[in-house]
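Student: sequence? don't have it. structure:
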Ligand SMILES: Nc1ncnc2c1ncn2[C@@H]1O[C@H](COP(=O)(O)OP(=O)(O)OP(=O)(O)O)[C@@H](O)[C@H]1O
Ligand SMILES: [Mg+2]
C-alpha cells in the first residue's frame, strides 16, 4: 500500500464550551485533543475507547461536519473545505456517516426507499428511473427485500433499519465511511450479521472505513488497524492482533482485560480512580491518575505517540522500561 | 423557554388504537354537525339568502323574527335599516370564518418560519425571536391590537394581518423546540451530512414531522381568533360597515337591545355555539390523544 | 438561588418593558409622520419646524429613540389630544375605576374557580363533575361581551333588578364584575381539576392514602399544596385575559375605566394616551408576573430550600 492515503488527520483539536446560564462563563471541554491518524484506501480503522473519550467527535471532525479548533484533515490529499463552501457539499458524495441509532437516523415519515435514494436526489445523480434502479440494487446489496422500499422505518426491525441506513450511506458510492457504533444499538443476536455485512461491503467496494465501537470483539472482527482513544487522544495504535493480544499501553491493557474470554488467561486490570472528566484534564499523561504503574514523571511530562515497532504506536513513558514488559 | 409542548402521538400504531376507542358522544356529534353547517354556510352564503345583506328596506324596519310577531318574509327579522337579519347573519358567518382562516394561516406561517429561523441560526437571531415571544406571550393581545389599530387606522387587509399576529409566538415556540429536538435526535444531522440544504431539511423533513402538532395548535388558535375578531368588531374597531361580521352585528345590535334584541341574539348565539363546539371537539380530541400510548 | 431566580425574572420584566416601549416607538414612527398625527393640518410651517426641533424630530432616528426613552423615564408621555392634559394624568385617574372591576372579578375567579375545580376533582367522573366541567367550557367559550349583553337583557331589561350601566354604586358593579369573573372562574375550575387529578395520580399521594390517612386529608394536605404551583401560574396568565376582558366589559356597561378610555382614544387616535395605557398594561403584566414568581418561589420547596442554603 504505497498509494497516498485517502484520509490524513493531523493534530485535530476540538473543544466545546458548556454554557451555564447567561452570567457564568461556562466550562471548556476538550473533546478531542490532538488526534492524528492516517487511513488508506480500502482500509478499516477501528476506533475504541470508553464513553465520552471523543470517538464520535473525532468521527465528525474527520468528515468535516464540525469546525476544527486546530489541526487539519486532508481527504484525497485535499484540505477539507469549510462547511459553507460548495465543495463541502459535493464532497458528501464521497464520504458518508453511519449512525449509532438507525431509528433516529431515519425520518420516520419517509418510506425507506425514498430515504435511500435521497443522496441521489440531493446531488442530482442520474435520472429518476436510474435512481429507482439504484435504490433497488442498494436494497439487494444490504440484504433487504425490494418491497421493503415502501416500508416506513418503524415497520422494519432494528437490524433492517441499520441496513437501510447503510444503503443510504452507500447510495452515492462513497470512498470513505465513518461508522459511529453502528451495531451497539442492535440486539446482540443480530450484531454479528450486521458486522459481517459491513465487512463484506467494505471488501467488495474497497471502502476506507473508520469503525467506532467500544466492543473490542466487534472491532477486531472488522478492522485492519486499531486505534485506542483515551480522553481525546490516541494512546495506542497497531494491528488488531498485536493490540488486543499484547497491549502495550496500561489503558489498553485494562480495556482488554475487561473483556471476558479474549482467549488468553490474564489477570484482570482494574482501573482505579474516577472515570475521566474531559472538563478537567490531568497534567502530564492524562491517564496517570488511574494508571496502575504510574511514575512521578507521568504527572508532569506529556508522553508523545511514538512508534514502538514498524506497525505500532504507543504513548507511554514506560514502554521502553523492562519492568513494563513484565506487566504486559 | 425550554418547554417542549406535549406532542400528540403520531405513530401509526397509535392511529390503530384510536380507531377502537369508544363511540363518539352525542355532544361531539352535534358540535361536528354545527361546524360542518357553519363551513357550508361560509362557502355558500351568497346562494342561501334571497336578500342582499346590504339591501335597505326602510318600510320594514325592526321587524321581529318569525314566531315573535314577524312573518316568513324575514325569518330572523330585520334591523334598524330594514336589512334582513338572516342575510346579514349568513354573510357575517362567511366574513368571520374567512378572517379567522386567513389570520390563523398567517400566524402559523409566520410563527413556524420564525421558529425555524431561530433553531437554524441560534445565537442572536434566536435571542431576538425568544424575546419577542416572551413579550407577545406576556401582553394581552387585544391591547396590542387596539394600539396598532389606533396608530395605523383600519382596513380589512391590515385587520386580517393584525389578527394573524395573534398566536404566532406559540407556533414559533413549538417549532423551535421541536426542531431543536429533531436536530439532536439525529435524522436532521443525518440528512444534513448527506449534503441537504436548509430548505430541504426544514420543509421536507422537519415540517412533516411536526405538522400534526402545528395543526392541533391551529385548532386551538382558530376559536381565539374568532373571539378576537368579534371582540374588536364589537368595539367598532374591526370590520367596518358596509361589510359586517358576527362581532360587528352584536356591536351595532346593542343599541337596539331593548327594542329589537333579535338583531343581536342571532349572531351572539352563532359565536357562542361555534366556539363552544370547537372547544368541545378540541377537548375530546386531546383526551383521545392522551389516552393513546 | 432565590436571589438569582428573582433577579433573572426582574431582568426579563425589564426587557419586556423595554420591548413595549420600543414597540410603541416603532409603531409610532412607522405609522406616519408624528408631526402630522400630533398637530392639526392647519398648523403653519414655522410652527411645524419648531415642533420638530423641540421634539428632536430633526435628529437621526436612534437619537430620537434615546430621547424618547429619556422622556419616558422622566414620566413624560406627551399630552392627550382630546382634553389637553398630560396623558399620564388622564390615564392615572382611570386606574382606580378599573381596579374597582378587576380586583373583585379576580377574587370572584378564585372564589368560584378553585372550589369548583376541587369539587370536580374529588368526584371525578360523577354527575357533579360533568355538570361543573360542561358549564366551565360554556363559561369560557362565551365571549364576555355576549355574556354581558345577555345579563343586561335578563337582569336589567326583563327583570329590571339591576342597572345596565354606569358606575358609582355597588348595584352598578354587580353585572360587570360577574361578566368579567365568570370566564376566568371557568378557566380556573378546569385547570384546578386537571392539576389536582395530575397530582392525585402521583405516587406520594398514593402512599399517603395507603397509610390509612383519610381521603379528604390526603387531598387537602398533600395534593392541594402540590397543585397550587401550576394553579398559581395559570392565575398569572389569567391576569392578561382579565385586562383584555375589561376593555370589552367596560364598553358593554359604559364603565368609565381604562378600557373605555382605551377604546375612545383609539377611535379618536389619541396616540399619547394609547401609548401610556400600553405602558401601564405592560407594567401591570410585568408586576403581576414578578409577584406570581415570588409566590411561586415561596411555594416551591425546591426553590425555598435553595434559598436557605
Ligand atoms: N455538541 C457538544 N457540545 C458539548 N459537549 C460535547 C458535544 N459533543 C460532545 N461533547 C463532549 O465531548 C466529549 C466527547 O464526546 P464524544 O461524543 O465524542 O464521546 P464518545 O467517545 O463518542 O462517547 P460515547 O461512547 O458515549 O459515544 C464528551 O465529554 C461530551 O460530553
Ligand atoms: Mg459516541
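Tutor: Arrived safely. Small disclaimer: the values here were computed from a predicted structure and weren't measured. Ligands and ions are numbered 1, 2, ... in the order given.

Student: Might you name the residue of the stretch 151-293 of chain B sitting closest to ligand 1?
Tutor: Among the residues of the stretch 151-293 of chain B, residue B:184 lies closest to ligand 1, at 8.9 Å counting by Cβ to the nearest ligand atom. Yep, even glycine has a C-beta here, placed from its N, CA and C like the rest.

Student: Okay, and that residue sits in which element?
Tutor: Per DSSP states H and E: residue B:184 is located in helix B:168-185.

Student: List the contacts of the residue of the stretch 151-293 of chain B closest to ligand 1.
Tutor: Listed by Cβ atoms under 8 Å, 6 or more residues apart in numbering or on different chains, the contact set of residue B:184 is empty.

Student: can you rerun that using 10 Å?
Tutor: Residues near residue B:184 by Cβ atoms under 10 Å, 6 or more residues apart in numbering or on different chains: residue A:104.

Student: Sticking with residue A:10, tell me its helix or strand.
Tutor: Going by DSSP H and E, residue A:10 is in strand A:7-18.

Student: Sorry, slip of the keys, the one I care about is residue A:282.
Tutor: Secondary structure from DSSP H and E places residue A:282 outside every helix and strand.

Student: contacts for stretch A:84-94?
Tutor: With Cβ under 10 Å, 6+ apart as the criterion, stretch A:84-94 contacts A:6, A:63-65, A:75-76, A:78, A:80-83, A:119-120, A:122-123, A:125, A:171-176, B:192-197.

Student: which ones among those residues are found in helices?
Tutor: A:119-120, A:122, B:192-193 (DSSP state H).

Student: PyMOL command for the buried members of the contacts of stretch A:84-94?
Tutor: Only the buried entries of these go into this PyMOL selection, using 16 or more other Cβ atoms under 10 Å in any protein chain shown:
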select buried, (chain A and resi 6+63+64+65+75+80+119+120+122+123+125+171+172+174+175+176) or (chain B and resi 192+193+194+195+196)
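
Student: of the contacts of stretch A:84-94, list those near ligand 1.
Tutor: For ligand 1, no contacts are drawn from the contacts of stretch A:84-94 by Cβ under 6 Å from any ligand atom.

Student: taking the contacts of stretch A:84-94 one by one, which sit in strands?
Tutor: Members of those lying in strands (criterion: DSSP state E): A:75, A:78, A:176.

Student: From the chain's centroid, how far away is the helix or strand where residue B:144 lies?
Tutor: If you go by DSSP H and E, residue B:144 is part of helix B:141-152. Centre-to-centre, helix B:141-152 and its host chain are 19 Å apart (Cα atoms, centre = their mean, to the nearest Å).

Student: what about that helix and chain C, touching?
Tutor: Yes: under the criterion of Cβ under 10 Å from any Cβ of the partner chain, helix B:141-152 makes contact with chain C via B:141-152.

Student: repeat for stretch B:201-219
Tutor: No: interface with chain C: stretch B:201-219 contributes nothing (Cβ under 10 Å from any Cβ), its closest point being 13.7 Å away.

Student: which parts of that stretch are buried?
Tutor: Under the neighbour-count criterion of 16+ other Cβ under 10 Å, stretch B:201-219 has B:201-202, B:204-207, B:209-210, B:213-214, B:216-218 buried.

Student: Same list, those, but as JSON lines with secondary structure, pLDDT and distance to ligand 1 please.
Tutor: Compiled in JSON lines, the buried residues of stretch B:201-219 are given as follows (DSSP: H, G, I helix; E, B strand; the rest coil; pLDDT from 0 to 100; distance: Cβ to the nearest ligand atom, whole Å):
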{"residue": "B:201", "secondary structure": "helix", "pLDDT": "91", "distance to ligand 1": "18"}
{"residue": "B:202", "secondary structure": "helix", "pLDDT": "90", "distance to ligand 1": "20"}
{"residue": "B:204", "secondary structure": "helix", "pLDDT": "91", "distance to ligand 1": "25"}
{"residue": "B:205", "secondary structure": "helix", "pLDDT": "90", "distance to ligand 1": "20"}
{"residue": "B:206", "secondary structure": "helix", "pLDDT": "89", "distance to ligand 1": "19"}
{"residue": "B:207", "secondary structure": "helix", "pLDDT": "89", "distance to ligand 1": "24"}
{"residue": "B:209", "secondary structure": "helix", "pLDDT": "85", "distance to ligand 1": "22"}
{"residue": "B:210", "secondary structure": "helix", "pLDDT": "85", "distance to ligand 1": "22"}
{"residue": "B:213", "secondary structure": "helix", "pLDDT": "82", "distance to ligand 1": "25"}
{"residue": "B:214", "secondary structure": "helix", "pLDDT": "85", "distance to ligand 1": "27"}
{"residue": "B:216", "secondary structure": "helix", "pLDDT": "79", "distance to ligand 1": "31"}
{"residue": "B:217", "secondary structure": "helix", "pLDDT": "82", "distance to ligand 1": "29"}
{"residue": "B:218", "secondary structure": "helix", "pLDDT": "83", "distance to ligand 1": "33"}
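
Student: Redo the residues you listed as TSV? Include distance to residue B:91.
Tutor: Below are the buried residues of stretch B:201-219 laid out as TSV (distance: Cβ to Cβ, whole Å):
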residue	distance to residue B:91
B:201	44
B:202	39
B:204	40
B:205	43
B:206	40
B:207	35
B:209	40
B:210	36
B:213	34
B:214	31
B:216	30
B:217	29
B:218	25
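
Student: and of the residues you listed, the nearest to residue A:300?
Tutor: Residue A:300 lies nearest to residue B:201 out of the buried residues of stretch B:201-219, by Cβ to Cβ, at 48.4 Å.

Student: Quick check: the closest one touching residue B:179?
Tutor: Yes: assessed by Cβ atoms under 10 Å, residue B:201 is found in contact with residue B:179 at 9.3 Å.

Student: Touching both of those two, which residues are there?
Tutor: With Cβ under 10 Å, 6+ apart, residue B:201 and residue B:179 have common neighbours B:116, B:120, B:188, B:207.

Student: does the third one count as helix, strand or coil?
Tutor: Just to be clear, that refers to residue B:188. Under the three-state scheme (DSSP: H, G, I helix; E, B strand; the rest coil), residue B:188 adopts helix.

Student: And the pLDDT at residue 120?
Tutor: In the absence of a named chain, this looks at chain A. Per-residue pLDDT puts residue A:120 at 93.

Student: oops, I was thinking of chain C
Tutor: Residue C:120 is assigned 86 on the pLDDT scale.

Student: In the chain, where is pLDDT below threshold?
Tutor: Since no chain was named, I'll use chain A. Residue ranges of chain A with pLDDT under 70: A:1-2, A:19-26, A:260-270, A:272-274, A:320-328.

Student: that's the wrong chain, I meant chain C
Tutor: Judged against pLDDT under 70, the low-scoring parts of chain C cover residues C:1-2, C:5, C:31-43, C:51-52, C:54-58, C:201-216, C:300-309.
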